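Colleague: Next input, structure requested:
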Amino acid sequence: MSDAQSQNKSIILIFDQDGCYYCDLLKENTLSNKELISKLKGGYITVIVDINKNPQLAAKYQVFGTPTMIFLDSNQKQIGKIDGYVEANEFLNYIKGM
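Modeller: Here you go, the predicted model:
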């Protein structure tokens, strides 16, 4: 979180859990997209959060299912949320619209 503030980058918390088919699909298909990787490296700090190991963080952001992406500004204020699996182009469009 301190890196985000010092680098003036937004944060994406990607909530997942072991055994989640759509979480694996998100990692394999969406998060491996070269255009998306480039966009994320340029303006975001991405953190993958296991909801079973961090239930308090999941509760804080009202995450009830996985995958869920929470977008925070550099001051940790929530600025967006995606519930469920999305393709890379949908993820990119969401980021561009923020």
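Colleague: Do I have it right that residue 58 meets residue 14?
Modeller: No. Applying CB atoms under 8 Å as the test, residue 58 and residue 14 come out as separate, 11.7 Å apart. C-betas here are computed from N, CA, C, even on glycine.
Colleague: More neighbours: the two, which one.
Modeller: For residue 58 versus residue 14, neighbours defined as other CB atoms under 10 Å are more numerous around residue 58 (22 against 19).
Colleague: Without its sequence neighbours, what residue ends up closest to the more buried one?
Modeller: The spatially closest residue to residue 58, leaving aside those adjacent along the chain, is residue 51, at 4.3 Å (CB to CB, 6 or more residues apart in numbering).
Colleague: number of nearby residues for that neighbour?
Modeller: Neighbour tally, residue 51, other CB under 10 Å: 21.
Colleague: about what we covered before: name the residues contacting each of residue 58 and residue 14.
Modeller: Jointly contacting residue 58 and residue 14 under the rule CB atoms under 8 Å, 6 or more residues apart in numbering are residue 49.
Colleague: Who are the packing partners of the helix or strand bottoming out on mean pLDDT in the chain?
Modeller: The weakest-scoring helix or strand in the chain, judged by mean pLDDT, DSSP states H and E, is helix 2-7 (a mean of 72). Judged by 3 or more CB pairs under 8 Å, 6 or more residues apart in numbering; DSSP states H and E, the packing partners of helix 2-7 are strand 44-50.
Colleague: what distance separates the strand it packs on from the centre of its chain?
Modeller: From the chain centre to the centre of strand 44-50 is a distance of 6 Å (CA atoms, centre = their mean, to the nearest Å).
Colleague: buried sites along the helix or strand that that strand is followed by?
Modeller: Counting by DSSP states H and E, the next helix or strand C-terminal to strand 44-50 is helix 55-60. The neighbour-count check on helix 55-60 (16 or more other CB atoms under 10 Å) flags 57, 58 as buried.
Colleague: pLDDT (mean, whole number) over helix 55-60?
Modeller: What helix 55-60 shows for mean pLDDT is 96.
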